[in-house]
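A predicted structure for the sequence below; I have some questions about it.
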Amino acid sequence: MTDFVILGCALSNMEDDAYPFAVVFKRGFGGEAQLESYILRAWQNQDEFFPDSSRETMLDLMEDLREYPEGEQSDRFFKHLRSLNFGYLRFLKDGHCQDDPTFANEVAAYFEGGSHPVSWPDSFEKL
């Protein structure tokens with residue numbers, strides 16, 4: 001089984017609603033944990049959902065996701081993502097899915113039922 005979190009970007013740091021931005025998968029626990037991250041394709045071209053003021057925050061998150069690919073630090077980092085609600089970043093959903101993220105029906109169902117025109121996995125690229 002694989003755990004996942006879906007993160008979003010809010011239009012301002014005062015809003016709760018957020019546009020989906022990243023899906024992070026975690027396999028294993030503790031020192032064996034491995035993260036696999038996917039970012040919304042061409043997110044930088046979507047000014048209506050990612051204002052200029054949020055771009056630095058999104059780039060910082062992407063750098064952090066690259067920095068913690070495996071081990072105990074990645075396990076702790078992943079747990080922190082589940083409570084993320086800082087600046088423009090918002091935790092949207094977590095859950096469990098099959099081991100192959102490209103066939104994660106639970107993730108796809110979240111996007112199909114959402115109000116944003118995003119699909120899994122077509123709208124995302126591996127980080």
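Good, I have the coordinates.

show me what the residue nearest the centre of the chain is bridged to.
The chain has A22 as the residue nearest its centroid, 2.6 Å off, counting by C-alpha atoms, centre = their mean. Going by DSSP bridges, A22 is paired in beta bridges with L7, I39.

hmm, it is touching I6, no?
Yes: counting by C-beta atoms under 8 Å, A22 touches I6, with 7.4 Å between them. For glycine as for every other residue, the C-beta is placed from the backbone atoms N, C-alpha and C.

need the three-state assignment for the nearest residue to R41 once chain neighbours are set aside.
Computed as C-beta to C-beta, 6 or more residues apart in numbering, the closest residue to R41 that is not its neighbour in sequence is E125, at 4.9 Å. Secondary structure state of E125, per DSSP: H, G, I helix; E, B strand; the rest coil, is strand.

list the contacts for E125?
38-39, 41 (C-beta atoms under 8 Å, 6 or more residues apart in numbering).

ok, longest helix in the chain?
Identified as the longest helix of the chain according to DSSP state H is helix 52-67.

counting by contacts, list what it packs against.
Packing contacts for helix 52-67, counted by 3 or more C-beta pairs under 8 Å, 6 or more residues apart in numbering; DSSP states H and E, involve strand 2-9, strand 19-27, strand 34-40, strand 89-97.

beyond that helix, next helix or strand please.
Next along the chain after helix 52-67, taking DSSP states H and E as the criterion, comes helix 72-81.

please identify the buried residues of that following helix?
The neighbour-count check on helix 72-81 (16 or more other C-beta atoms under 10 Å) flags 74-75, 77-78, 81 as buried.

cool, and stretch 49-60?
For stretch 49-60, the neighbour count (16+ other C-beta under 10 Å) marks 49-50, 54, 57-58 as buried.
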